Each structure stands twice: as C-alpha cells, then as structure tokens.
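In: Build me a model from this:
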Amino acid sequence: METWTVETNDGGGQLEVHTFRPLSNAAIPGSQAPAEPSGVVMIHGTLVTDSLYWPFARNLSRMLGRPVHCYNRRGRGRSAPQPPDYSVETEVADLGAVMDKSGSTDVVAHSYGGFVALNAVLKSKINRLVTYDAAVSLSGNLHGRWRPELEEAVTAGRLDQAWAHLVQGLGTAGPISYLPMGALRTLSIISAQTRLGFEMRSLLPTAVTEMRAVLAADVSLDDFRSLHTPTLMLSGGWSPSYFAETGRTLANAVPAIDFAIVPLQFHEGPLRPGRRLASRVARFLSGGHVPAPVGA
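Out: Numbers count the residues shown, from 1 in each chain. As a prediction, the model looks like this:
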C-alpha cells in the first residue's frame, strides 16, 4: 500500500490517499506511466475512514489488475477538515481531484460515498460506476430519516444519544437499529471502548453535516434521464429496504443504470471479509470479464 496526498481544488488543504496496486513494482503515486492501466477510486461512507475498505480495495485491485485508490474524505485522518460552506459540491470536486491526480476512470462507492458518486457522475466524466447502498435522496425519500435530535445531541456533546438517533434514523446497523434508545446508548458507551467505536463517535459532527448535504441535494428522476455512464447500483439483501427502492426506481427509469440485490449482505457489505462482492464489482468494471488475479 502506498500513502500520498492530493491538494484540494478550493485551497482547503489536502486529501489523504491510499493506493493498492496488483504489481510489486508499483509506480510513483499519481504517475500515469504508459504500462499502468487506469485506476479505480473507492469512496467511503459516513462515520468511518477509508482504512476499513483496504481489504476490499486490495482484492479488487488483484482481480482487475489495476490500481485502486481509497481516500479519506474531509474531516478524517490527514485530510483537510470540512469547510464552513461544505456541500455535495465539495465532495464532487474532491473526487475529481483524486481521479485526475491518480489517472482513474472508474468509481466504486458505498453509502454516503454513493451519494457523492451519483452527483459526480452527472457533472464529470466517469467511465463506469458501482454503488452499494447509495444514500442518495430521490424525490425526498430520505427526509424522514433525518432526526433534528441528532444535531441537538451532537451540539450538546451528548454523543451516545446522538449515535443512538443516527442508528435508529438510518436503520443501517441491522437488527441493532431497532433497539430502544436506552439500549442503543448503552451500546454506544460500550463500543466507545474500542478503537473503531471511539473513532465513530469522534466523527459524529461530520455525520450531521453530511446528512444535511444529502437532504439539500435532493434529486429527481429527470436529473438522471440523460445519464450515459454504465452504472451498477447494488444493495445488500439485509440492508434497509429504502436503498433497494431507490436503486430499482432509478434502474427502471434510466437505461444506463442496472440494479441488483446482493443476497445475505448487510449495509456494511464492502467492509466485511470475503471476495464475492469484490468479484461482482470487478466483473462489472471489466465489462463482464475479470482477468486472472495478478500477484501483489
């Protein structure tokens, strides 16, 4: 794995990028040597950093024989903080900067990352796009998921309460999402003792900003009717149903979009071990053919 940085287009700082290449003689980060195929950019979801996607990215790179670039979005790791005027345009510009610098043409995106990618594909050149449980608000279908109590709790520093409201509102934590508020607060306290749980709590302020960005960038079917980029929208068989409903609606209205359910997968599918999901993504990005994996 290689670690490098990309300067943001708005002068706000840098983005931390982690690159996986299938060959041991990796090229210099950002180089576009003739022998190296175009890259794939992976966009992570909310309340997490890109590190959780490294096993998936490594598998995908080996299957494709192409570099895969994960990057920390604003407010994470060594990336710049979210600016005061943060919006989906901030994220779209950041994705463009990473794609340009890394020489990438394809995008794979999870959850909030799918929201970013589906907005980006309408405004910039992406060759092929795959989303998993894309958190895009289509004709207001996610407005009911927003809980003002989430922002109030974050502002007051009651992070356990905030985490509970986020989990219940989005329903992305599987059966845990349906537990009473008291039980969820207790789980938040317990999970905060782990590295991942502590990290998620620290990212709660970014979740508020990102939720607001999703609702402010509500889209309609008409926004996608002229889309020509081959796009595959996936949803986990055990994910909240609203992700699949959005994917089916878009696929039924837009010829360039395909939709499929991934059986036996929760919302965090790209974070789980295994190669099946990466193989499915690789097949689509390769136009149906996946070359034999190249040694790392």
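
In: ok so Pro84 is a strand residue?
Out: No: assessed by DSSP: H, G, I helix; E, B strand; the rest coil, Pro84 does not belong to a strand; its assignment is coil.

In: In contact with it, which residues?
Out: For Pro84, no residue meets the contact criterion (Cβ atoms under 8 Å, 6 or more residues apart in numbering). (Glycine included, C-beta is placed from N, CA and C.)

In: Stretch 126-140: which residues count as buried?
Out: 126, 128-138 (16 or more other Cβ atoms under 10 Å).

In: what about the closest residue to Pro37 other than its chain neighbours, how many neighbours?
Out: Among residues not flanking Pro37 along the chain, Arg66 sits closest, at 4.6 Å (Cβ to Cβ, 6 or more residues apart in numbering). Neighbours of Arg66 under the rule other Cβ atoms under 10 Å: 24.

In: Same question for Glu152.
Out: For Glu152, using other Cβ under 10 Å, the count is 14.

In: do Trp238 as well
Out: 15.

In: now Thr105
Out: Neighbours around Thr105, by other Cβ under 10 Å: 17.

In: which SS state does it fall under?
Out: Here Thr105 takes the strand state, with states given by three-state DSSP.

In: residue contacts, Trp54?
Out: Trp54 makes contacts with 1, 18, 20, 70, as judged by Cβ under 8 Å, 6+ apart.

In: Could you measure from Arg275 over to Gly39?
Out: 20 Å (Cβ to Cβ, to the nearest Å).

In: returning to that earlier point: mind picking the two most distant members of the buried residues of stretch 126-140?
Out: The distance between the two most remote of these (Cβ to Cβ) is 23.5 Å, for Arg128 and Ser137.

In: that older thread, might you report the residue contacts of the residue nearest to Pro37?
Out: For Arg66, the contacting residues are 22, 37-40, by Cβ under 8 Å, 6+ apart.

In: That one and Val92: what is the separation?
Out: As judged by Cβ to Cβ, Arg66 and Val92 stand 23 Å apart.

In: Can you pull out the low-pLDDT segments for this protein?
Out: Applying pLDDT under 70 to the chain picks out residues 23-35, 289-296.

In: Can you identify each of the strands in it by residue range?
Out: Assigned by DSSP state E, the chain shows strands spanning 2-7, 14-20, 39-43, 68-71, 104-110, 128-132, 231-236, 257-262.

In: so what secondary structure elements neighbour the fifth one?
Out: Right, the one you point to is strand 104-110. Helices and strands touching strand 104-110, by 3 or more Cβ pairs under 8 Å, 6 or more residues apart in numbering; DSSP states H and E, are strand 39-43, helix 88-102, helix 112-120, strand 128-132, helix 276-285.

In: let's go with 7 Å and repeat that
Out: If contacts are counted by 3 or more Cβ pairs under 7 Å, 6 or more residues apart in numbering; DSSP states H and E, strand 104-110 sits against strand 39-43, helix 112-120, strand 128-132.

In: From the chain's centroid, how far away is that strand?
Out: In terms of Cα atoms, centre = their mean, to the nearest Å, the centre of strand 104-110 is set 9 Å apart from its chain centre.

In: rewinding a little: got TSV for the strands of the chain, with distance to Glu210 too?
Out: What follows is the strands of the chain, written out as TSV (distance: least, Cβ to Cβ, whole Å):
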stretch	distance to Glu210
strand 2-7	20
strand 14-20	16
strand 39-43	12
strand 68-71	16
strand 104-110	13
strand 128-132	16
strand 231-236	19
strand 257-262	23
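
In: Tell me, how many residues neighbour the residue nearest to Ser191 when sequence neighbours are not counted?
Out: Among residues not flanking Ser191 along the chain, Gly197 sits closest, at 3.1 Å (Cβ to Cβ, 6+ apart). Close neighbours of Gly197, defined as other Cβ under 10 Å, add up to 16.

In: tell me which residues of stretch 49-67 are tucked away?
Out: If you call a residue buried by 16+ other Cβ under 10 Å, then stretch 49-67 has these buried ones: 49-50, 52-67.

In: re earlier: tell me which two in the contacts of Arg66 are the farthest apart.
Out: Top of the distance list for the contacts of Arg66 (Cβ to Cβ): Pro22 and Ser38, 13.2 Å.

In: Quick check on the two: which one has the bigger neighbour count.
Out: Neighbours were counted for Pro22 and for Ser38 using other Cβ under 10 Å; Pro22 has more, 21 against 14.

In: which of Arg275 and Gly39 has more neighbours?
Out: A count of neighbours by other Cβ under 10 Å puts Gly39 above the other of Arg275 and Gly39, at 24 against 15.
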